[in-house]
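Q: quick one, structure for this:
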Amino acid sequence: MAHGLSGRKLAAAALLAAAAIAVFLVWGRQRVEAPAPGQAGVTPPAELVATVRSEPRSFNRLVARDRTSHLVSLLTQARLVRIDLETQELEPALAERWASSPDGLEYTLTLRRGVRFSDGTPMTAADVLFSAEALYDERVASPLAEPLKPGGQPLVFNAPDDHTVVVRFAVPFGPGLRILDNLPILPRHRLEAPLRDGTFRDTWGVATPTTELVGLGPFVLDSYRPGERMVFTRNPHYWRTGPRGERLPLLDRLVVSIVPDQNAEILRLQAGQADLTSSEVRPDDLAAVRRAADAGRLVVSDLGVGLDPDCLWFNLRPGFAKANPPQAWLQQRELRRAVSMAVDRTAFANTVFLGAAVPVGGPVTPGNRGWFDPEVAPPAHDPAEARRLLGEMGLRDTNGDGRLEVPAGGPARFTLLTQKGNTLRERGAVFIQEELRKVGLDVAVVTLEQPAVIDRLMKGDYEAIYFGPQTTDTDPAANLDFWLSSGAFHLWNPAQAEPATTWERQIDDLMRSQVVARDPAQRRRLFADVQRIFADQAPAIYFVAPRMHVAMSPRVAGARPALLQPPILWNADHLAVR
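A: Numbers count the residues shown, from 1 in each chain. Okay, here's the model as predicted:
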């Protein structure tokens, strides 16, 4: 089938006096159109200031999957095809068109001519082949590789000429070329030597001089001050133009301030020191800006139920129980079921999210209308049943102090890690701690900076974590690194050589069948089965999904807010200043 150019693709702030800072709200989801060039009374495109809550782990997207590294990649790099995060439609990018074979196994993509990297070097099909080679290189060990292996096999890239790329799938793949939205096209002329000598993973780290970073995205990283900010300037060779033929990006500079403290972040936005945030607004801050609704300096959009709920999971790696025999009880399914029943999800939504959330029982939320199975309901709040399940595990209150002890002796206690400075995660972890205390479990909450949480996760150095991975696409086939037992982000026990449990093998089989099915209805049925098995085993325990709101200054034009991250900056090349 041929494709051508298609359609466009949370409490300190509450204390801020309305008389001190005036904020105007425009409620409801809306699109703010960019001004036409030369329009009378419109300030020429210049600079916007955004905020992020964490440092980038790397400037090399193939080795880092955190939100800020992802954002840097979106701003400085480009893909062959792109998913419009607002419409969820696939649209052309570096490939201006493509055609598929009748069996759906092969796609021929035609590259745009005249495209140049930010240093002026022409992009050719050789850069595409190099990017694929780096992606699948075992020494790189890219977290992006697994999702780009439909049927467990890498895609095969060939280039008949400088402007044509042929992509071959080992098996039929329902989502088709959507998965290529995850593959940035990197400059072979800059990165081939590090790939050959085995230093690719260390190349383009955060200590790399910004002058060495080259990409095909709308911006170049002009400067980076750790703990302070990143400054992006216009890529003079950016290939994309706007609907009226105008040169993109519309901004001269985009300043991304690093503000780990969420209270400080929202205060900057309200005070006009930032134009937008790279993430959603906390429920706490919604109350504050509502009270200032008559003053006039903010635009807020309600996007509905979000796609990225946080969850609690225990360390289910086999090595954990061997190294910590007294804590082996943490790996039992009965514990996970007990925790799920012990936590009152409605109270969780009302206390942690101030009512701006809905109870959920799994990673797929009602916001994902195409794949959410409404029959997979969260378990009812039942502390009595939770205590019974804990008793079945041999946990007893032997001294009548209300705290359970494990069979080997000592308190039934575990440490729960979460992200420091993220108010919702900190408050959520404390709520879980209090709910589990009611059924006799002793939980120690420890907050760490986000990079430290991820490091502990990847090393398996933890008992339990309350955190949340980022969804990259609403289609589950794009998140195989979460669903498959071999996946790098199979949180509770990642990168398994073989499925450790029968139920994980079942999910593996269902997901592999799901991704190769070409009938959308069949794919939905198979994924519904996956969601039911996941809910029964609860390897990660989900409580609520927040309603998602984003806020920006009225100075921001051209915004098309979306549920996926980053909700505003995903379309940064079309952002402008009024």
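Q: shouldn't Thr121 be in contact with Arg188?
A: No. In terms of C-beta atoms under 8 Å, Thr121 does not count as a neighbour of Arg188; the distance is 9.1 Å. In short, each C-beta sits where N, CA and C put it, glycine included.
Q: which one of the two has more residues nearby?
A: Ranked by neighbour count (other C-beta atoms under 10 Å), Thr121 and Arg188 place Arg188 first, with 21 against 15.
Q: residues in contact with that one?
A: Ala126, Asp127, Phe130, Ser131 (C-beta atoms under 8 Å, 6 or more residues apart in numbering).
Q: among those, name the buried ones.
A: Asp127, Phe130, Ser131 (16 or more other C-beta atoms under 10 Å).
Q: let me know the closest of those residues to Pro325.
A: Using C-beta to C-beta, Ser131 comes nearest to Pro325 of the buried ones among the contacts of Arg188, at 45.4 Å.
Q: contacts for the helix or strand hosting the closest one?
A: In the assignment (DSSP states H and E), Ser131 maps to helix 125-136. Here helix 125-136 makes contact (C-beta under 8 Å, 6+ apart) with 62, 80, 94, 111, 140, 142, 144-145, 148, 154-155, 157-159, 161-165, 183-188, 191-192, 195, 200.
Q: which of these fall within strands?
A: Leu111, Phe157, Asn158, Ala159, Asp161, Thr164, Val165 (DSSP state E).
Q: still on that earlier bit, dump the helix holding Ser131 to PDB, keeping only the CA atoms.
A: Below are the C-alpha coordinates for helix 125-136, written out as PDB (Å, rounded to 0.1, in the frame of the first residue of the first chain):
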ATOM      1  CA  ALA A 125      20.500   5.800   3.200                       C
ATOM      2  CA  ALA A 126      23.900   4.900   4.600                       C
ATOM      3  CA  ASP A 127      23.000   6.900   7.800                       C
ATOM      4  CA  VAL A 128      19.800   4.800   8.100                       C
ATOM      5  CA  LEU A 129      21.700   1.500   7.800                       C
ATOM      6  CA  PHE A 130      24.300   2.700  10.300                       C
ATOM      7  CA  SER A 131      21.600   3.700  12.800                       C
ATOM      8  CA  ALA A 132      20.000   0.300  12.500                       C
ATOM      9  CA  GLU A 133      23.400  -1.400  12.900                       C
ATOM     10  CA  ALA A 134      24.200   0.600  16.100                       C
ATOM     11  CA  LEU A 135      20.700  -0.200  17.400                       C
ATOM     12  CA  TYR A 136      21.200  -4.000  17.200                       C
END
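Q: gap between that helix and the chain center?
A: Counting by C-alpha atoms, centre = their mean, to the nearest Å, helix 125-136 is centred 24 Å from the centre of its parent chain.
Q: ditto for stretch 309-317
A: With C-alpha atoms, centre = their mean, you get 16 Å for stretch 309-317.
Q: ok, stretch 200-214 next?
A: A distance of 23 Å separates the centroid of the chain from that of stretch 200-214, by C-alpha atoms, centre = their mean.
Q: next, the distance between the ends of that stretch.
A: End-to-end distance of stretch 200-214: 15 Å, with C-alpha to C-alpha, to the nearest Å as the criterion.
Q: so which bits of that stretch are buried?
A: Judged by neighbour count (16+ other C-beta under 10 Å), stretch 200-214 contains these buried residues: Phe200, Arg201, Thr203, Trp204, Val206, Thr208, Leu213, Val214.
Q: okay if I get the residues you listed as JSON lines plus pLDDT, secondary structure and distance to Met552?
A: Compiled in JSON lines, the buried residues of stretch 200-214 are given as follows (pLDDT from 0 to 100; DSSP: H, G, I helix; E, B strand; the rest coil; distance: C-beta to C-beta, whole Å):
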{"residue": "Phe200", "pLDDT": "97", "secondary structure": "helix", "distance to Met552": "37"}
{"residue": "Arg201", "pLDDT": "96", "secondary structure": "helix", "distance to Met552": "36"}
{"residue": "Thr203", "pLDDT": "96", "secondary structure": "coil", "distance to Met552": "35"}
{"residue": "Trp204", "pLDDT": "97", "secondary structure": "coil", "distance to Met552": "30"}
{"residue": "Val206", "pLDDT": "96", "secondary structure": "coil", "distance to Met552": "27"}
{"residue": "Thr208", "pLDDT": "97", "secondary structure": "coil", "distance to Met552": "31"}
{"residue": "Leu213", "pLDDT": "98", "secondary structure": "coil", "distance to Met552": "27"}
{"residue": "Val214", "pLDDT": "98", "secondary structure": "coil", "distance to Met552": "30"}
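Q: of all those, which two lie farthest apart?
A: Farthest apart among the buried residues of stretch 200-214 - using C-beta to C-beta - are Arg201 and Val214, which lie 17.9 Å from each other.
Q: how near is the residue nearest the centre of the chain to Trp98?
A: The centroid of the chain falls nearest to Gln470 when counting by C-alpha atoms, centre = their mean (2.1 Å). Distance of Gln470 to Trp98, computed by C-beta to C-beta, to the nearest Å: 27 Å.
Q: can I get stretch 279-288 as CSV, trimmed to CA atoms?
A: Taking Å, rounded to 0.1, in the frame of the first residue of the first chain, the C-alpha atoms of stretch 279-288 are listed here in CSV:
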residue,chain,number,x,y,z
SER,A,279,5.3,17.3,31.9
GLU,A,280,1.8,17.4,33.3
VAL,A,281,0.4,19.8,36.1
ARG,A,282,0.0,18.3,39.6
PRO,A,283,-3.6,18.2,41.0
ASP,A,284,-2.3,20.4,43.9
ASP,A,285,-1.4,23.1,41.4
LEU,A,286,-4.7,22.9,39.6
ALA,A,287,-6.4,24.2,42.7
ALA,A,288,-4.0,27.1,42.9
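Q: would you map the helices across the stretch 251-400 of the chain?
A: Under the criterion DSSP state H, counting those that start in this stretch, the stretch 251-400 of the chain contains helices at 262-270, 283-291, 318-323, 333-342, 345-352, 383-392.
Q: ok, of the ones you listed, where does mean pLDDT dip lowest?
A: Of all those, the minimum mean pLDDT falls on helix 283-291 (a mean of 80).
Q: quick one: that one to helix 345-352, angle?
A: Here helix 283-291 runs at an angle of 60 degrees relative to helix 345-352 (axes from the mean of the first three to the mean of the last three C-alpha atoms, to 10 degrees).
Q: now do helix 283-291: distance to the chain's middle.
A: Taking C-alpha atoms, centre = their mean, one finds helix 283-291 lying 25 Å from the centre of the chain it belongs to.
Q: tell me which strands and helices it is in contact with?
A: helix 262-270, strand 544-552 (3 or more C-beta pairs under 8 Å, 6 or more residues apart in numbering; DSSP states H and E).
Q: quick one: list the elements packing against the first one.
A: Going back to what we said before, that points to helix 262-270. For helix 262-270, the packing partners by 3+ C-beta pairs under 8 Å, 6+ apart are strand 47-52, strand 276-277, helix 283-291.
Q: which strands and helices lie in contact with the shortest one?
A: Packing partners of strand 276-277 (3+ C-beta pairs under 8 Å, 6+ apart): strand 47-52, helix 262-270, strand 544-552.
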